[in-house]
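> Predicted model and sequence below, questions to follow.
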Amino acid sequence: MQVSLPPNGGVGSRKGEQVTAEVTGVVEIGGAPARLRRATGLPVAFGGLVEPGRPRIRITELSGTTTAALRSLAVTSGNGLGGKAVALARPCAVTDYSSSRQISHEYDAPVAAEGIHSVLAVPVVVRRRVRGVLYGALRSPQPLGDRVLGAAMAVARDMEQALVVRDEARGLLAAVRPEPGGTQRGAAWEQVREAHAALRALAPRIADPELRAELLAACGLLTASRPADGASLAPRELDVLSWVAAGATNTAVAERLGLRPETVKGYLRSAMRKLGAHTRGEAVTAARRAGLLP
(Lines give C-alpha, C1' and ligand atoms only; values in the text may rest on other atoms or scores of the structure.)
Protein backbone atom coordinates (compact mmCIF):
# COMPACT_ATOMS: atom_id res chain seq x y z
CA MET A 1 0.00 0.00 0.00
CA GLN A 2 1.37 3.36 -1.01
CA VAL A 3 -0.97 5.73 0.80
CA SER A 4 0.18 7.07 4.16
CA LEU A 5 -2.74 6.38 6.46
CA PRO A 6 -3.03 8.52 9.62
CA PRO A 7 -2.46 6.53 12.81
CA ASN A 8 -4.56 8.95 14.84
CA GLY A 9 -7.15 11.68 14.29
CA GLY A 10 -10.11 12.23 11.99
CA VAL A 11 -11.89 9.36 10.32
CA GLY A 12 -8.73 7.28 10.47
CA SER A 13 -8.50 7.24 14.27
CA ARG A 14 -11.47 4.97 14.89
CA LYS A 15 -9.55 1.69 14.77
CA GLY A 16 -11.37 -1.26 16.26
CA GLU A 17 -14.85 0.23 16.04
CA GLN A 18 -17.44 -2.32 15.00
CA VAL A 19 -19.75 -2.11 12.04
CA THR A 20 -23.30 -1.55 13.11
CA ALA A 21 -26.23 -3.51 11.81
CA GLU A 22 -28.59 -0.82 12.99
CA VAL A 23 -29.19 1.81 10.36
CA THR A 24 -31.76 4.41 11.31
CA GLY A 25 -34.16 4.39 8.38
CA VAL A 26 -33.17 4.20 4.75
CA VAL A 27 -30.68 6.93 3.90
CA GLU A 28 -29.49 7.17 0.31
CA ILE A 29 -25.78 7.62 -0.27
CA GLY A 30 -26.79 9.97 -3.08
CA GLY A 31 -24.13 12.02 -4.82
CA ALA A 32 -21.23 11.22 -2.49
CA PRO A 33 -19.30 9.15 -5.09
CA ALA A 34 -19.59 11.96 -7.64
CA ARG A 35 -18.35 14.43 -5.01
CA LEU A 36 -15.44 12.13 -4.23
CA ARG A 37 -14.46 12.06 -7.91
CA ARG A 38 -14.52 15.84 -8.10
CA ALA A 39 -12.56 16.25 -4.87
CA THR A 40 -9.87 13.67 -5.60
CA GLY A 41 -9.62 13.72 -9.39
CA LEU A 42 -10.02 9.93 -9.45
CA PRO A 43 -11.88 8.64 -12.52
CA VAL A 44 -13.98 6.05 -10.67
CA ALA A 45 -15.88 6.20 -7.38
CA PHE A 46 -18.61 4.13 -5.78
CA GLY A 47 -20.03 3.37 -2.38
CA GLY A 48 -22.81 2.06 -0.23
CA LEU A 49 -24.28 1.87 3.25
CA VAL A 50 -24.41 -0.86 5.87
CA GLU A 51 -27.44 -3.06 5.32
CA PRO A 52 -29.97 -3.18 8.17
CA GLY A 53 -29.39 -6.25 10.33
CA ARG A 54 -26.31 -7.44 8.45
CA PRO A 55 -22.55 -6.84 8.94
CA ARG A 56 -22.03 -5.86 5.32
CA ILE A 57 -22.36 -2.97 2.94
CA ARG A 58 -24.27 -2.97 -0.32
CA ILE A 59 -22.73 -0.92 -3.15
CA THR A 60 -25.58 1.14 -4.56
CA GLU A 61 -24.04 4.26 -6.14
CA LEU A 62 -21.53 4.32 -8.98
CA SER A 63 -19.77 7.25 -10.64
CA GLY A 64 -17.41 6.96 -13.59
CA THR A 65 -17.84 3.20 -13.99
CA THR A 66 -18.15 1.62 -17.42
CA THR A 67 -19.87 -1.61 -16.38
CA ALA A 68 -22.49 -2.69 -13.85
CA ALA A 69 -20.13 -5.24 -12.30
CA LEU A 70 -19.94 -3.46 -8.94
CA ARG A 71 -23.62 -2.49 -8.65
CA SER A 72 -25.46 -4.22 -5.79
CA LEU A 73 -22.27 -5.99 -4.72
CA ALA A 74 -22.53 -7.04 -1.06
CA VAL A 75 -19.21 -6.58 0.79
CA THR A 76 -18.93 -8.41 4.10
CA SER A 77 -17.01 -6.90 7.01
CA GLY A 78 -13.42 -8.11 6.88
CA ASN A 79 -13.49 -9.21 3.24
CA GLY A 80 -11.79 -7.37 0.41
CA LEU A 81 -10.64 -3.78 0.69
CA GLY A 82 -13.97 -2.26 1.70
CA GLY A 83 -14.64 -5.00 4.23
CA LYS A 84 -11.22 -4.36 5.76
CA ALA A 85 -12.03 -0.64 6.03
CA VAL A 86 -15.30 -1.55 7.75
CA ALA A 87 -13.64 -3.97 10.19
CA LEU A 88 -10.85 -1.54 11.12
CA ALA A 89 -13.00 1.60 10.84
CA ARG A 90 -10.18 3.41 9.06
CA PRO A 91 -9.21 4.14 5.46
CA CYS A 92 -7.42 1.42 3.52
CA ALA A 93 -5.84 1.42 0.07
CA VAL A 94 -4.01 -0.86 -2.35
CA THR A 95 -1.91 -0.03 -5.41
CA ASP A 96 -2.96 -3.14 -7.37
CA TYR A 97 -6.12 -4.77 -6.08
CA SER A 98 -5.78 -8.16 -7.74
CA SER A 99 -2.20 -8.80 -6.57
CA SER A 100 -2.33 -7.22 -3.10
CA ARG A 101 -1.41 -9.48 -0.20
CA GLN A 102 -2.97 -7.10 2.32
CA ILE A 103 -6.59 -7.99 1.51
CA SER A 104 -8.65 -11.09 0.81
CA HIS A 105 -9.85 -11.61 -2.75
CA GLU A 106 -13.53 -12.57 -2.70
CA TYR A 107 -14.40 -9.71 -5.06
CA ASP A 108 -11.60 -9.94 -7.64
CA ALA A 109 -13.99 -10.84 -10.47
CA PRO A 110 -16.19 -7.68 -10.35
CA VAL A 111 -13.13 -5.49 -9.71
CA ALA A 112 -11.39 -6.97 -12.75
CA ALA A 113 -14.54 -6.65 -14.84
CA GLU A 114 -14.62 -2.91 -14.09
CA GLY A 115 -10.91 -2.65 -14.89
CA ILE A 116 -9.72 -0.88 -11.76
CA HIS A 117 -6.37 -1.37 -10.02
CA SER A 118 -5.45 1.26 -7.43
CA VAL A 119 -8.32 1.53 -4.96
CA LEU A 120 -8.95 3.32 -1.68
CA ALA A 121 -11.82 2.71 0.71
CA VAL A 122 -12.88 5.25 3.36
CA PRO A 123 -15.43 4.28 6.03
CA VAL A 124 -18.25 6.63 6.92
CA VAL A 125 -18.44 6.61 10.72
CA VAL A 126 -21.26 8.19 12.72
CA ARG A 127 -21.22 8.11 16.53
CA ARG A 128 -18.56 5.39 16.57
CA ARG A 129 -20.47 3.19 14.15
CA VAL A 130 -19.51 2.44 10.57
CA ARG A 131 -22.46 3.39 8.39
CA GLY A 132 -20.99 2.92 4.93
CA VAL A 133 -17.91 3.03 2.71
CA LEU A 134 -16.81 5.34 -0.11
CA TYR A 135 -14.36 4.03 -2.70
CA GLY A 136 -12.16 5.79 -5.23
CA ALA A 137 -10.14 4.07 -7.92
CA LEU A 138 -7.68 4.36 -10.81
CA ARG A 139 -7.61 2.15 -13.87
CA SER A 140 -3.85 1.72 -13.57
CA PRO A 141 -1.65 0.37 -10.75
CA GLN A 142 -0.02 3.52 -9.43
CA PRO A 143 0.35 5.02 -5.94
CA LEU A 144 -2.42 7.15 -4.47
CA GLY A 145 -0.95 10.05 -2.54
CA ASP A 146 -1.82 11.73 0.73
CA ARG A 147 -3.65 14.55 -1.06
CA VAL A 148 -6.06 12.08 -2.63
CA LEU A 149 -6.62 10.34 0.69
CA GLY A 150 -7.23 13.63 2.49
CA ALA A 151 -9.75 14.75 -0.11
CA ALA A 152 -11.58 11.42 0.08
CA MET A 153 -11.73 11.63 3.87
CA ALA A 154 -13.17 15.14 3.65
CA VAL A 155 -16.00 13.84 1.45
CA ALA A 156 -16.62 11.04 3.96
CA ARG A 157 -16.83 13.58 6.79
CA ASP A 158 -19.39 15.58 4.82
CA MET A 159 -21.44 12.44 4.38
CA GLU A 160 -21.14 11.70 8.09
CA GLN A 161 -22.59 15.13 8.86
CA ALA A 162 -25.47 14.56 6.43
CA LEU A 163 -26.28 11.27 8.17
CA VAL A 164 -26.11 12.95 11.59
CA VAL A 165 -28.59 15.60 10.45
CA ARG A 166 -30.99 12.98 9.13
CA ASP A 167 -30.68 10.87 12.26
CA GLU A 168 -31.43 13.88 14.44
CA ALA A 169 -34.40 14.80 12.27
CA ARG A 170 -35.82 11.31 12.70
CA GLY A 171 -35.09 11.42 16.41
CA LEU A 172 -37.02 14.66 16.73
CA LEU A 173 -39.94 13.16 14.86
CA ALA A 174 -39.91 10.11 17.13
CA ALA A 175 -39.91 12.38 20.18
CA VAL A 176 -43.04 14.19 19.08
CA ARG A 177 -44.95 11.25 17.64
CA PRO A 178 -48.19 11.06 19.64
CA GLU A 179 -49.09 7.95 21.57
CA PRO A 180 -52.23 6.11 20.40
CA GLY A 181 -55.15 8.21 21.51
CA GLY A 182 -52.79 10.92 22.74
CA THR A 183 -51.77 14.34 21.52
CA GLN A 184 -48.55 15.77 20.21
CA ARG A 185 -46.35 17.16 22.97
CA GLY A 186 -46.06 20.91 22.76
CA ALA A 187 -42.56 21.32 24.17
CA ALA A 188 -41.18 18.63 21.88
CA TRP A 189 -42.82 20.20 18.86
CA GLU A 190 -41.26 23.53 19.70
CA GLN A 191 -37.88 21.80 19.65
CA VAL A 192 -38.69 20.37 16.22
CA ARG A 193 -39.68 23.82 14.92
CA GLU A 194 -36.51 25.43 16.20
CA ALA A 195 -34.43 22.64 14.65
CA HIS A 196 -36.25 23.07 11.35
CA ALA A 197 -35.54 26.79 11.31
CA ALA A 198 -31.87 26.27 12.23
CA LEU A 199 -31.35 23.68 9.50
CA ARG A 200 -32.93 25.90 6.88
CA ALA A 201 -30.73 28.79 7.99
CA LEU A 202 -27.66 26.57 7.61
CA ALA A 203 -28.48 25.36 4.09
CA PRO A 204 -27.59 28.57 2.15
CA ARG A 205 -24.10 28.51 3.67
CA ILE A 206 -23.30 25.15 2.05
CA ALA A 207 -21.63 25.68 -1.31
CA ASP A 208 -22.03 22.13 -2.63
CA PRO A 209 -25.50 22.00 -4.25
CA GLU A 210 -25.90 18.26 -3.65
CA LEU A 211 -25.09 18.53 0.05
CA ARG A 212 -27.40 21.53 0.30
CA ALA A 213 -30.19 19.50 -1.30
CA GLU A 214 -29.57 16.66 1.17
CA LEU A 215 -29.82 19.06 4.10
CA LEU A 216 -33.07 20.52 2.80
CA ALA A 217 -34.37 16.98 2.32
CA ALA A 218 -33.64 16.35 6.00
CA CYS A 219 -35.67 19.48 6.79
CA GLY A 220 -38.49 17.95 4.82
CA LEU A 221 -38.55 15.00 7.21
CA LEU A 222 -39.74 17.39 9.93
CA THR A 223 -42.81 18.56 8.03
CA ALA A 224 -46.06 16.86 7.18
CA SER A 225 -46.82 15.53 3.71
CA ARG A 226 -47.80 18.34 1.38
CA PRO A 227 -51.00 18.15 -0.67
CA ALA A 228 -50.42 18.20 -4.43
CA ASP A 229 -52.29 21.46 -4.85
CA GLY A 230 -50.88 23.13 -1.73
CA ALA A 231 -49.28 26.56 -1.54
CA SER A 232 -45.57 26.93 -2.21
CA LEU A 233 -43.06 29.46 -0.94
CA ALA A 234 -39.67 30.59 -2.18
CA PRO A 235 -36.74 29.21 -0.14
CA ARG A 236 -36.01 32.51 1.62
CA GLU A 237 -39.71 33.10 2.36
CA LEU A 238 -39.79 29.71 4.04
CA ASP A 239 -36.55 30.43 5.91
CA VAL A 240 -38.07 33.62 7.33
CA LEU A 241 -41.37 31.98 8.21
CA SER A 242 -39.56 29.09 9.92
CA TRP A 243 -37.98 31.50 12.39
CA VAL A 244 -41.21 33.45 12.79
CA ALA A 245 -42.89 30.15 13.69
CA ALA A 246 -40.20 29.61 16.34
CA GLY A 247 -41.12 32.96 17.91
CA ALA A 248 -38.34 35.15 16.51
CA THR A 249 -38.84 38.86 15.84
CA ASN A 250 -37.99 40.37 12.47
CA THR A 251 -34.74 41.71 13.91
CA ALA A 252 -33.81 38.31 15.30
CA VAL A 253 -34.67 36.64 12.00
CA ALA A 254 -32.47 39.12 10.18
CA GLU A 255 -29.54 38.31 12.49
CA ARG A 256 -30.05 34.57 12.10
CA LEU A 257 -30.21 34.68 8.31
CA GLY A 258 -27.70 37.48 7.69
CA LEU A 259 -30.31 39.74 6.11
CA ARG A 260 -31.48 43.31 6.66
CA PRO A 261 -34.70 43.70 8.72
CA GLU A 262 -36.38 45.39 5.72
CA THR A 263 -35.56 42.38 3.59
CA VAL A 264 -37.06 40.06 6.19
CA LYS A 265 -40.23 42.13 6.19
CA GLY A 266 -40.41 41.87 2.41
CA TYR A 267 -40.09 38.10 2.45
CA LEU A 268 -42.66 37.85 5.21
CA ARG A 269 -45.18 40.03 3.33
CA SER A 270 -44.70 37.92 0.22
CA ALA A 271 -45.23 34.70 2.17
CA MET A 272 -48.37 36.08 3.80
CA ARG A 273 -49.77 37.08 0.43
CA LYS A 274 -49.16 33.62 -1.05
CA LEU A 275 -50.75 31.96 1.97
CA GLY A 276 -53.75 34.29 2.04
CA ALA A 277 -52.83 35.43 5.55
CA HIS A 278 -53.29 38.84 7.16
CA THR A 279 -51.03 38.37 10.19
CA ARG A 280 -47.81 36.58 11.06
CA GLY A 281 -49.73 34.07 13.15
CA GLU A 282 -52.15 33.31 10.32
CA ALA A 283 -49.22 32.82 7.95
CA VAL A 284 -47.58 30.31 10.30
CA THR A 285 -50.85 28.41 10.76
CA ALA A 286 -51.49 28.32 7.02
CA ALA A 287 -47.94 27.12 6.34
CA ARG A 288 -48.34 24.28 8.84
CA ARG A 289 -51.62 23.23 7.30
CA ALA A 290 -49.96 23.25 3.89
CA GLY A 291 -47.16 20.98 5.14
CA LEU A 292 -44.52 23.69 4.72
CA LEU A 293 -43.65 23.94 8.42
CA PRO A 294 -43.62 21.39 11.26
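Nice, thanks for sending it over.

> ok, now which ones touch residue 79?
104, 106-107 (CB atoms under 8 Å, 6 or more residues apart in numbering). All C-beta atoms are positioned from the backbone trio N, CA, C, and that covers glycine.

> Now the buried members of those.
Buried members of those, counted by 16 or more other CB atoms under 10 Å: residue 107.

> want to throw the contacts of residue 79 into a markdown table with secondary structure and pLDDT?
A markdown table is the format used below for the contacts of residue 79 (DSSP: H, G, I helix; E, B strand; the rest coil; pLDDT from 0 to 100):
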| residue | secondary structure | pLDDT |
| --- | --- | --- |
| 104 | coil | 97 |
| 106 | coil | 96 |
| 107 | coil | 97 |
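
> Sketch out the low-pLDDT regions of the stretch 101-250 of the chain for me.
Within the stretch 101-250 of the chain, the ranges that satisfy pLDDT under 70 run 166, 168-189, 191, 202-208, 210-211, 214-215, 218, 220-230.

> For it, just list every one of the helices.
Using DSSP state H, counting those that start in this stretch, the helices of the stretch 101-250 of the chain run over 108-114, 146-176, 186-202, 209-220, 235-245, 250-257.

> could these go into TSV alongside mean neighbour count and distance to residue 75?
Output for those, formatted as TSV (neighbours: other CB atoms under 10 Å; distance: least, CB to CB, whole Å):
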stretch	mean neighbour count	distance to residue 75
helix 108-114	16	10
helix 146-176	19	16
helix 186-202	18	32
helix 209-220	18	23
helix 235-245	24	38
helix 250-257	18	43
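
> Which one, of those helices, ends up nearest to residue 80?
helix 108-114 (8.2 Å; CB to CB).

> Go through the contacts of residue 79 and say which is closest to residue 235.
residue 107 (42.7 Å).

> contacting residues for the closest residue to that closest one other than its chain neighbours?
Distance criterion CB to CB, 6 or more residues apart in numbering; nearest residue to residue 107, sequence neighbours excluded, is residue 80 at 4.6 Å. Listed by CB under 8 Å, 6+ apart, the contact partners of residue 80 are 103-107.

> How about residue 45?
Residue 45 touches 33-34, 36-37, 62-64, 134-137, counting by CB under 8 Å, 6+ apart.

> Need the max-distance pair from those.
Most distant of the contacts of residue 45, by CB to CB, are 34 and 137, 13.9 Å apart.

> What residues of stretch 269-277 count as buried?
Those buried within stretch 269-277 under the rule 16+ other CB under 10 Å are 271-272, 274-275, 277.

> Also stretch 121-129?
121-126, 129.

> Closest one of those to residue 48?
residue 124 (9.8 Å).

> Report the spatially nearest residue to that closest one, omitting neighbours in sequence.
Per CB to CB, 6+ apart, closest to residue 124 is residue 132, 4.3 Å.

> is it true that that neighbour touches residue 159?
Yes. Counting by CB atoms under 8 Å, residue 132 does reach residue 159; the two are 7.4 Å apart.

> quick one on the thing from earlier: for residue 285, find the nearest of the helices of the stretch 101-250 of the chain.
helix 235-245 (9.3 Å).

> Just the angle for that closest one relative to helix 250-257, thanks.
120 degrees (axes from the mean of the first three to the mean of the last three CA atoms, to 10 degrees).

> middle-most residue in this structure, spatially?
Per CA atoms, centre = their mean, the C-alpha nearest to the average position across the chain is that of residue 162, at 2.8 Å.

> How much space separates that one from residue 29?
Note on residue 162: its distance to residue 29, by CB to CB, to the nearest Å, is 10 Å.

> again with residue 200
Using CB to CB, residue 200 is found at 23 Å from residue 29.

> Same question for residue 294.
Distance from residue 294 to residue 29, by CB to CB: 26 Å.

> Same question for residue 287.
Residue 287 is 31 Å from residue 29, by CB to CB.
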